[in-house]
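Engineer: okay, sequence plus prediction incoming.
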Amino acid sequence: MSAAFKKALKSRQKDHKERSQPGFRKSLGLLEKKKDYKLRAEDYRKKRNTLNALRKKALEKNPDEFYFKMTSSKLQDGVHVLKQPTEEVTDEQLKVMRTLDMKYVEMKRVAEGKKIERLKSELHLLDTEGKQKNKHTFFCDTKNEVLQFDLAAHLNTAPELVNRVYNRPTLETLQQKTLKGVTNAKQLKKLSKQRQQQYELLKQRIEREKKMFVISQKIQTRKDLMDKTRKVKVKKETVNSPAIYKFKKQRKR
């Protein structure tokens, strides 16, 4: 193999790499390589072709041209927005729609009422905050007995069960059988937390049922207002109650 051919071999040639930015020129920024130039050039050509196409389209546009979007859209803050078509609904159709809405709300309200009754039957509202606290008075003969009075020992029950207002078993009962699988204070605390969550759920459902009742009243009021009769507003509408109107009595033929 000749020496000239060896020099021309691609496998024996070195990779010629582009130099990096010299240290004394780092303040001038990144030194652009060929790959950076190719990206910049491609972006420039793309923008130039877009501008040329838009310029050509504007020059060749017919001023008398018409298309239907001209009437169905409007310019809002420099952006074309489609106009929402107005629905043609008669008074009878509106009344039917109001009736269906009211029936749907009433159905949901009845369902909530059934869930509330089921929760009340399970919880019995034994230790709610709004319930009046019962009083149990114990009498002692001397002050020394008052100071040494032990409520758990007097009631013959465990100290963890003293604050319960229901199902407070005695020590003999606890020894004979467990209280529904409860054997320690940790399980009692867990059951108390679950019961409190049930009370919170019951409170939320009662509030939701009241809101649905107010919504159904407001829908009924709007439906009554659709009749073309003389009316006088007695009370304004609020969040918790609908508006009250006084209608003039009119004989229907």
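Structural biologist: Happy to help now that I have it.
Engineer: the stretch 151-253 of the chain: strands as residue ranges?
Structural biologist: Under the criterion DSSP state E, counting those that start in this stretch, the stretch 151-253 of the chain contains strands at 231-235, 244-247.
Engineer: any idea which of these is most buried?
Structural biologist: Stretch with highest mean neighbour count among the strands of the stretch 151-253 of the chain: strand 244-247 (a mean of 12; mean count of other Cβ atoms under 10 Å). Where you see a C-beta, it was placed from the backbone N, CA and C, and this is true even at glycine.
Engineer: can you lay out the strands of the stretch 151-253 of the chain as CSV showing mean pLDDT and distance to Lys120?
Structural biologist: Formatted as CSV, the strands of the stretch 151-253 of the chain follow (pLDDT from 0 to 100; distance: least, Cβ to Cβ, whole Å):
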stretch, mean pLDDT, distance to Lys120
strand 231-235, 81, 32
strand 244-247, 82, 32
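Engineer: rebuild these as JSON lines, extending it with distance to Leu147.
Structural biologist: Below are the strands of the stretch 151-253 of the chain laid out as JSON lines (distance: least, Cβ to Cβ, whole Å):
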{"stretch": "strand 231-235", "distance to Leu147": "61"}
{"stretch": "strand 244-247", "distance to Leu147": "62"}
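Engineer: how about those strands, which one is nearest Glu32?
Structural biologist: Among those, strand 231-235 comes nearest to Glu32, with 75.3 Å by Cβ to Cβ.
Engineer: can you tell me the closest non-neighbouring residue to Phe216?
Structural biologist: Rather than Phe, residue 216 is Ser. Closest residue to Ser216 apart from its sequence neighbours, by Cβ to Cβ, 6 or more residues apart in numbering: Val105 at 4.6 Å.
Engineer: tell me, how many residues neighbour that neighbour?
Structural biologist: Neighbour count for Val105, taken as other Cβ atoms under 10 Å: 20.
Engineer: my read: it touches Val214, true?
Structural biologist: No: the criterion here is Cβ atoms under 8 Å, and Val105 misses it with Val214 at 9.8 Å.
Engineer: quick one: contacts for Glu18?
Structural biologist: Residues near Glu18 by Cβ atoms under 8 Å, 6 or more residues apart in numbering: Lys33, Lys34.
Engineer: my bad, should have said Ala152
Structural biologist: Contacts of Ala152 were listed using Cβ under 8 Å, 6+ apart, and they are Ala158, Pro159, Val162.
Engineer: repeat that with 6 Å
Structural biologist: Ala152 sits next to Pro159, Val162 when contact means Cβ atoms under 6 Å, 6 or more residues apart in numbering.
Engineer: neighbours of Thr157, how many?
Structural biologist: Using other Cβ under 10 Å, Thr157 has 19 other residues around it.
Engineer: no, scratch that, I was asking about Leu94
Structural biologist: 13.
Engineer: phi, psi of the nearest residue to Lys34 once chain neighbours are set aside?
Structural biologist: In space, not counting the residues next to it along the chain, Lys34 is nearest to Glu18; the distance is 6.9 Å by Cβ to Cβ, 6+ apart. With angles defined as degrees, to the nearest 10, Glu18 sits at phi -70, psi 140.
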